[in-house]
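Student: Model the structure of this input:
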Amino acid sequence: MTEAFFTAVAPGLYRSTDRALITAADGERWTGDDDALLAAGTKLALLLDGAHRPSAEAGRPLARWLKARRDVSATLVRGAVFVVPDADERAAWQARLDAAGGRSPWPYPIAAAADRAAAERLARDWLDAPG
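Tutor: As a prediction, this is how the structure comes out:
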């Protein structure tokens with residue numbers, strides 16, 4: 001059995017594991033794991049490791065999945081926080097997020113945090129917000 005891409009931290013809060021996203025098969029497995037989270041039909045937030053960006057090959061199935069699940073993701077996913085410990089790298093992430101503005105491929109808020117604790121606080125705030 002292969003390791004899942006997400007592990008529950010608390011109700012509705014899921015952290016990415018250390019699995020790499022290298023091949024298209026990795027991307028397909030990631031989408032299957034994300035489908036399982038969405039199938040529960042409850043709001044959720046994601047804590048993601050900024051160092052584990054998908055390769056181009058793994059990213060193709062992720063992009064297709066995101067387009068196909070845009071509506072349900074917008075409804076259930078309250079946001080995703082990338083943990084990016086390096087201040088310069090985090091600033092670059094934030095600049096890319098700010099530049100994307102309303103053209104982001106994600107139908108939910110995306111942020112970058114310095115550490116897992118800060119990411120978890122933001123994700124919990126999103127989960128606790130009304131709506």
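Student: And the strands in this structure?
Tutor: All strands of the chain, identified by DSSP state E, fall at 6-10, 13-16, 44-49, 77-83, 110-113.
Student: ok, residues contacting the lengthiest helix in the chain?
Tutor: Under DSSP state H, the helix in the chain containing the largest number of residues is helix 24-39. Here helix 24-39 makes contact (CB atoms under 8 Å, 6 or more residues apart in numbering) with 2, 4-6, 14, 19-21, 44, 54, 57-62, 65, 69, 72-73, 76-77. C-betas here are computed from N, CA, C, even on glycine.
Student: With stretch 121-131 instead?
Tutor: Residues outside stretch 121-131 that contact it (CB under 8 Å, 6+ apart): 10, 12-13, 43-47, 78-79, 81, 109, 111, 113.
Student: avg pLDDT for it?
Tutor: Stretch 121-131 comes out with an average pLDDT of 93.
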